[in-house]
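>>> From the sequence below, what's the structure:
(3 chains, ligands or ions: 3)
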Amino acid sequence: MSIPETLKTEWKCRIQQSDHPRELVVDVLLAIQGQIGYVDDQALREAADWLQVDPLEIEEIATFYTFIYREPVGRYVIHLCDSVICWLGGYDALRNHLCRKLGIALGGTTADGLFTLLPVCCIGYCDRSPAMLINGKVYGPLTEETLDRILSELRVAASDKEL
Amino acid sequence: MPKLTIDNREIEVPAGPQVIAAAEQLGIMIPRFCYHPALGAVGACRVCAVKFEEGPVKGIEMSCMVDARDGMRVSTTDPEAVDFRRQVIEWLMLNHPHDCPVCDEGGHCLLQDMTVSGGHGIRRYEGSKRTHMDQDLGPLVQHEMNRCIQCYRCVRFYREYAGYHDLGVMGIGSRVYFGRMESGTLQSPFSGNLIDICPTGVFTDKPSRFIGRRWDFERRPSICIHCSLGCHVTTSVHLREVVRQEARVNPTINGHFICDRGRYGFDYAGHPDRPRMARLHGRNGAPHEALAAARESLAGVSDRHGAGALAVMGGTRGSLETLLALKHLCRKGGWADPVFWLDGRQTRVMKAVAELYRPETAADPMDLATADMILAIGVDPLNEAPMLAPAMRLAARNGGRIFMAHPGPLSLPFAARHLMGSPGAFDRLLSAGVNLLKGPKGEEGLLETTAATAWPDPGAAVEMLRNLQQSKRPVILVGSDLAGVGTVVLAATLARVAAPRQAKVLNVLPGANAMAAALMDESGQAFTDVLTRMETGDVKALVLAECDPLWDFPDRRRLEAAMRSLETLVVLDCVDTAAARLAHILIPTQTVFESGGVYVNAAGRTQRAGTLFTGGLPIRRTGNGGHPPRLFGRDIPGADIPPAWQALWRMAEPDSRLEPEAVLESICLGQPDLLTQQDSGRFPADRIKPAGESREAEADESAEWETGPDAFRLLLADEIFGVEILSSRSPCLQRMEPEPRLWMSATDARELGFNDGGWVQIQSNGATMAVRLTVSGRMTPGFLSLPRLRGSGWQIFDRRSPVLAKRNISRREKGNE
Amino acid sequence: MVPQVLFQNRKPDRITTLAEYQAGGGYSALSQVLTRQDPKGLQTLIDEALLLGRGGAAFPMGRKLATVADDAPHPRYLVCNADEMEPGTFKDRVLIHADPHQLIEGMLLAAYAIGADKGLIFIRPEYEGAARILEREIGLAREAGFLGANILGSGVAFDMVVHRSGGRYICGEATAQLNALEGKRPNPRKPPPYPTEKGLWGMPTVTQNVETLCCLPHIVNNGADWFKSLALTSGAAGTKIYQISGKVNRPGCYELPMGIKLSRIIEEYAGGMPAGSTFKACLPGGASTRFMTKDHYDIEMDIDTLRNAGHRLGTAAIMVFDDKTCLVAATVNLITFFARESCGWCTPCREGLPYILDILQRIENGQGQERHIGMLESMARHLWKAYCAFAPGAASPLESLLTYFGDEVRAHITEKKCPFGGREAT
Ligand SMILES: Cc1cc2nc3c(=O)[nH]c(=O)nc-3n(C[C@H](O)[C@H](O)[C@H](O)COP(=O)(O)O)c2cc1C
Ligand code: SF4
Ligand code: FES
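Numbering: from 1, shown residues only, chains lettered A, B, ... in the order given. Ligands and ions are numbered 1, 2, ... in the order given. Down below sits the predicted model:
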């Protein structure tokens, strides 16, 4: 997928105005990802071009962070918290349930391209554990029933958008 | 001066170094992986832990992260420290593939040493290992990521020290990966240093893979002769073949590193085409036969046409012994002295360089690293003397300002202000510096008025002059290709005027021993003078000692015709040059690895390259591939090749029975201590002949560079790979050669309607050459630049820096058929 | 109800608006210092209030500010650490959602104390909601004249931006955060030079946690003595936002006086343990603190008391484990977190943690051997010699597991299985 011109002009402008363009690396990557879902090689090179650095210097940053995706992901990225409080609250069962429901393993994406399931470390919602994040939105405390409901709601939302 | 105790031994060190470095001075090598004297300490590997028993720091700490301070009591053998270090090694070995038997690093691997000496002998880890995919990094460096211990030395060298960006670290945690974005040739011409600094076998020497263990090699110190800096190398010889070179530490010249030209340029020594037999009028013979034949032939020419019909040229890659023997030969025969330089301009420039050489103001390459201001005039460091580039980068990283006056293009791995402009303006720029420093102190506006006419871009001149004025350790760097005599004189004058600021000057010279040649050149003649006399028939015999004008003379057709008309062409060389192939008599000579020799580098340092082995055909080749490769006999096959100086001596003195030492003494022109001069000492400028008086600038040469609006000045430029003759024989470096490009400024390209990347055709002297165009903002309008790349067909010009009419460049559809 | 200071404006379902914040006395501390106090005086006040950093390291804020030299060059930076990736910790999120202007004013005060020119709020990507709130409210504060080139007509200039992280635990470490802010790989930096001398972009930089900064307006308004009087234990100061989670009935964020007893937090505020569960252990301040046992059940939860008992208050994120929970399995989970998040810079952290994880997993799976215990003990000790405080943090739960629950670990080995029936928690 290619990056929209508007995004390009917007960021080139912000980069130009910055005293330290490099500080915008993560912002640029997140913005690109917001548009095209993940940072593919072409987008990575594009970002390097905007920031006037070697693509590798972007890759070094991109491969460091949890929330920068260098591989294609589904429309909904489920970050299921697997840290200690959520684990106490039943993470293992929830994970198994999700994997079964979606027919994928951790790290996988459903065949319809709708869901990607990733484990994530404590997301700072231990008061609502077990918790997860889908496209930035928090859900919790989770049970197998709430999971089912959330999945079907998202499926409906996705097909609505398609219509 | 802090005084501390390490393992019960006291030491006083100047303030600053870390405990790990202080210990080294006592001969105590504290284990280390990430620490490297040239890259500094980062405290990542944690293997240098020691116990601080008393003093300002207490307990187990990293000896690379703690500066030596007064009253410290340090133990490297403390059980707690030893235990921790053993743990670190165990950790580092968790994922290591344990493939030492097939790893080229085995035998000189820091990780192996530390694992054994650290006491980690038994594997306890039961888990699985993480593994990585390797990358193809090009012809020089082999990648095997699984061996990595994450010391970060490679990226720190590649990025911070050398200034290139295509090698880095990706990922996180135990999955960090050191490599490129994707497979591809490493872009840095210093990439080979990765092999030296990687403490294990992640980066190994690709051309010498699987040839042998380090302990199988004869490893000896040597000197690199691929440019005028004379970097220090360690050369490995295996079964009569040079197989590998590494950087050897030298604090004044190359620090801890060398460039890839120097590292891989040795293949000529074992090249299948290297002349191993003499050639006499088309047939092979023994060297001594050829010597006799040459003597006879030359005597015949002298008898028939007089001594004036003989001419001799010496190469600047020859040793001092060779140059002296050559001179001895000429004097003995009553011939004209040898010439060393291709044209009159170079001859005059080199004469000025020699006369103005002053040990006190001569800058060593590493002096650049500590300079707070560098003014480089007509130098392309990366391509002409590569190791200058990292030294200059160190200066820039330490806040030094660098100004590069050059018509372009320059590609520099450091921050510098490129003053684009004609070499015709070099002298004005330098004069401005001289006038400013000589002028009354603090005079209002002096700087601005001086700058106004100094350079096409006065703003840049102001900036340069201001920095010069404020600098405390300036270095002036002068090239020998674009600089004229005036430039050389003015640079020396500037260094003298700025002497209170400890100013220094370094002239980058054409060839490893160009300084020696310049110091002893008394002919005052250039090769072009000889050529003219060859064409008029006055010169009938030519002796070429370790040089090949056909390689770098701009008008190859003219030269070849003249050489073909000679009655006698005698060539002494260790490579099969074009001249060697034309020679009536070819005398094979030893390489520097076999003969050794004395070289005087650009900074005037006398350095001796040692004899590494006795020569002879590589064993790989003697048996025609059979195993064992056996020839029966008491002599080493092919070892009857003499060093060039001995060959020349025998040509001059056929009846002499002198031992080699005595020969050396007698060719030293009455100054026998010349060759025993202490290694790496400054070459005393008064050895060969009295130093010239300090000179004032001569006639203004700037007009020489004017071309008018309808023509270009074409610079025939150096290139790190593919221009220097010896290293151009290395197959691995041949793969590093860039595609030849003609560089043109954007302004000119617009005017002529040329596009970047398009093909153009150059016409000159009735010959043509096709080349692709690079349109660049780094090129001064009115100038073109074309690398003198091997095999690119560039030798169609009447002179260096020729004038090229605009109408002689035209667009064409594609390249050479 | 105990006095609510940082949470005084907290609403169940929405943020406190600028108007509401001002109506409750908001930004009066700012105008007060701008007109009546010099930066040094403000520093002294903070010092006297005994305000210790709330981000985990408990470093006295006043002392940190004092290390910015009077003649230090500009621009100087103030970084607000809202990374909050310590497992179990969520107070900064709650604080921002409850009362964003409290943080903005706190930053303004800290900036004034050190003459900072620019503020940066470094925030984890999971808190995108909080980031948006902050951006919006910063804009409103700017419109109201609290930020910008001439704050409230005083001639003082200061502005701030929100910087989003890509998400990694190490980015919370103050020096790694500087690299992250500069767009470099977030490996930690080793002083000297200290960030207050050469920090962000080589300029003087002070980093403070959200909660620490939120205390400032109240200290300015009410004085150092008042702030100290908030604490229950002598030598401690202020309130503390305790976060409690795990096996309790009402997990959440509670602002309580510093030094309140652990038992009271659990029983009075968190609603006690679920029926049928009894207290076995807790981590008092996030994943990088040591397990506390029944013996600590009545401990006063302040920085010094815990330190004297060999523990750390950390972020005061109390994670409660009951007697049905296998602590080996819990530690496997914790070490998995640390091994995954290690930045890869130094050996102990990068290699030691996966190694420890491998051994712990073996023990949990019933394949443990007696010699493993010694290996774990010595590695936990060696982790302390890592490059930054990450690995020592990771060592804390492990070492305390071995110290306090050695029998439980050994039971796994002798029974060749997990006595609690496997890794899955209930
Ligand atoms: C691995 C690691 C992670 C940290 N994460 C955070 C964090 O998320 N938030 C925070 O405020 N401090 C964190 N810290 C502590 C910071 O380094 C620093 O001490 C703190 O931000 C200073 O602010 P304070 O003095 O106001 O607490 C972390 C430290 C370490 C070693
Ligand atoms: S590749 Fe070599 S130099 Fe680079 S980090 Fe690994 S062990 Fe060190
Ligand atoms: S050499 Fe000191 S930590 Fe690596």
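
>>> quick one, strands of the stretch 301-450 of chain B?
Along the stretch 301-450 of chain B, the stretches classed as strands by DSSP state E, counting those that start in this stretch are B:310-314, B:373-377, B:401-405, B:417-419.

>>> could I get those as JSON lines with distance to residue A:25, mean pLDDT and mean neighbour count?
Every residue, glycine included, has its C-beta placed from N, CA and C. What follows is these, written out as JSON lines (distance: least, C-beta to C-beta, whole Å; pLDDT from 0 to 100; neighbours: other C-beta atoms under 10 Å in any protein chain shown):
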{"stretch": "strand B:310-314", "distance to residue A:25": "56", "mean pLDDT": "97", "mean neighbour count": "26"}
{"stretch": "strand B:373-377", "distance to residue A:25": "32", "mean pLDDT": "98", "mean neighbour count": "28"}
{"stretch": "strand B:401-405", "distance to residue A:25": "28", "mean pLDDT": "98", "mean neighbour count": "25"}
{"stretch": "strand B:417-419", "distance to residue A:25": "28", "mean pLDDT": "96", "mean neighbour count": "19"}
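
>>> Tabulate those in TSV, adding columns for distance to residue B:337.
Supplementary listing: the strands of the stretch 301-450 of chain B in TSV, determined by distance: least, C-beta to C-beta, whole Å:
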stretch	distance to residue B:337
strand B:310-314	8
strand B:373-377	30
strand B:401-405	34
strand B:417-419	39
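
>>> Just tell me which of those strands ends up closest to residue B:600.
In terms of C-beta to C-beta, the element of those nearest to residue B:600 is strand B:310-314, at 13.8 Å.

>>> Just want the most central residue of chain C.
Compute the mean C-alpha point of chain C, and by C-alpha atoms, centre = their mean the closest residue is residue C:55, 2.9 Å away.

>>> Quick one: neighbours of the residue nearest to it when sequence neighbours are not counted, just the number.
Nearest non-adjacent residue to residue C:55, counting by C-beta to C-beta, 6 or more residues apart in numbering or on different chains: residue C:209, 3.1 Å away. Using other C-beta atoms under 10 Å in any protein chain shown, residue C:209 has 25 other residues around it.

>>> And residue C:209, its phi and psi?
Dihedral pair for residue C:209: phi -70, psi 160, per degrees, to the nearest 10.

>>> So residue 25, which state does it fall into?
I went with chain A, as the question did not name one. Under DSSP: H, G, I helix; E, B strand; the rest coil, the three-state class of residue A:25 is helix.

>>> wait, I meant chain C there
coil.

>>> circling back: what sits against the residue nearest to residue C:55?
C:53, C:54, C:55, C:56, C:80, C:81, C:92 (C-beta atoms under 8 Å, 6 or more residues apart in numbering or on different chains).

>>> any idea of the pLDDT on the third one?
To tie it back to what came earlier, the one meant is residue C:55. Looking at residue C:55, its pLDDT is 96.

>>> quick one: it and residue C:214 touch, right?
No. With contact defined as C-beta atoms under 8 Å, residue C:55 does not count as touching residue C:214 (11.9 Å).

>>> and the gap between the residue in the stretch 1-150 of chain C positioned nearest to ligand 3 and chain A?
Here the residue of the stretch 1-150 of chain C nearest ligand 3 is residue C:57; by C-beta to the nearest ligand atom that distance is 22.8 Å. Between residue C:57 and chain A the computed distance is 19 Å (C-beta to the nearest C-beta, to the nearest Å).

>>> contacting residues for the residue nearest to the centre of chain C?
Shown here is residue C:55, whose contacts under the criterion C-beta under 8 Å, 6+ apart are C:81, C:172, C:174, C:208, C:209, C:211, C:212, C:315.

>>> Closest one to ligand 3 out of these, please.
Within the contacts of residue C:55, the smallest distance to ligand 3 is 21.0 Å, found for residue C:174 (C-beta to the nearest ligand atom).

>>> My guess is the closest one contacts residue C:77. True?
No. Under the criterion of C-beta under 8 Å, residue C:174 lies out of contact with residue C:77, with a separation of 11.9 Å.

>>> what's near enough to touch residue A:155?
residue A:114.

>>> So what does it have for phi and psi?
phi -60, psi -40.

>>> what does residue B:486 give?
The main-chain torsion angles of residue B:486 are listed as degrees, to the nearest 10 and equal phi -60, psi -40.

>>> Alongside chain A, which residues does the stretch 201-350 of chain C contribute?
Within the stretch 201-350 of chain C, the positions adjacent to chain A are C:201, C:243, C:245-247, C:251-253, C:283, C:287, C:317, C:319, C:321, C:325, C:330, C:333-334, C:336-337, C:340-341, C:343 by C-beta under 8 Å from any C-beta of the partner chain.

>>> any weak-confidence spans in chain C?
C:1, C:422-426 (pLDDT under 70).

>>> Near chain B, which residues of it are found?
Applying C-beta under 8 Å from any C-beta, one finds that chain C approaches chain B through C:168, C:185, C:190, C:339-348, C:350-355, C:358, C:362, C:375, C:378-379, C:382, C:385-387.

>>> out of the strands of the stretch 301-450 of chain B, nearest to ligand 2?
Taking C-beta to the nearest ligand atom as the criterion, strand B:401-405 is the member of these that comes nearest to ligand 2, at 28.4 Å.

>>> orientation of that closest one relative to strand B:373-377 in degrees?
Relative orientation of strand B:401-405 versus strand B:373-377 (axes from the mean of the first three to the mean of the last three C-alpha atoms, to 10 degrees): 10 degrees.

>>> Report how many residues lie close to residue C:298.
10.

>>> And it, how far from residue C:265?
As defined by C-beta to C-beta, to the nearest Å, residue C:298 lies at a distance of 11 Å from residue C:265.

>>> most residues in a single strand of chain B, which one?
Ranked by residue count under DSSP state E, the longest strand found in chain B is strand B:767-776.

>>> Excluding residues flanking it in the chain, which one is nearest the closest residue to chain A within the stretch 151-300 of chain C?
Per C-beta to the nearest C-beta, residue C:166 is where the stretch 151-300 of chain C lies closest to chain A, at 2.7 Å. What sits nearest to residue C:166 in space, not counting adjacent residues and going by C-beta to C-beta, 6+ apart, is residue A:65, at 2.7 Å.

>>> what do you get for residue B:97?
Nearest residue to residue B:97 in three dimensions, chain neighbours excluded: residue B:146, at 4.6 Å (C-beta to C-beta, 6+ apart).

>>> quick one: that neighbour and residue B:102 touch, right?
No. Counting by C-beta under 8 Å, residue B:146 does not reach residue B:102; the two are 12.0 Å apart.

>>> So between the two, which is more surrounded?
The neighbour comparison of residue B:146 against residue B:102 (other C-beta under 10 Å) goes to residue B:146, with 17 against 10.
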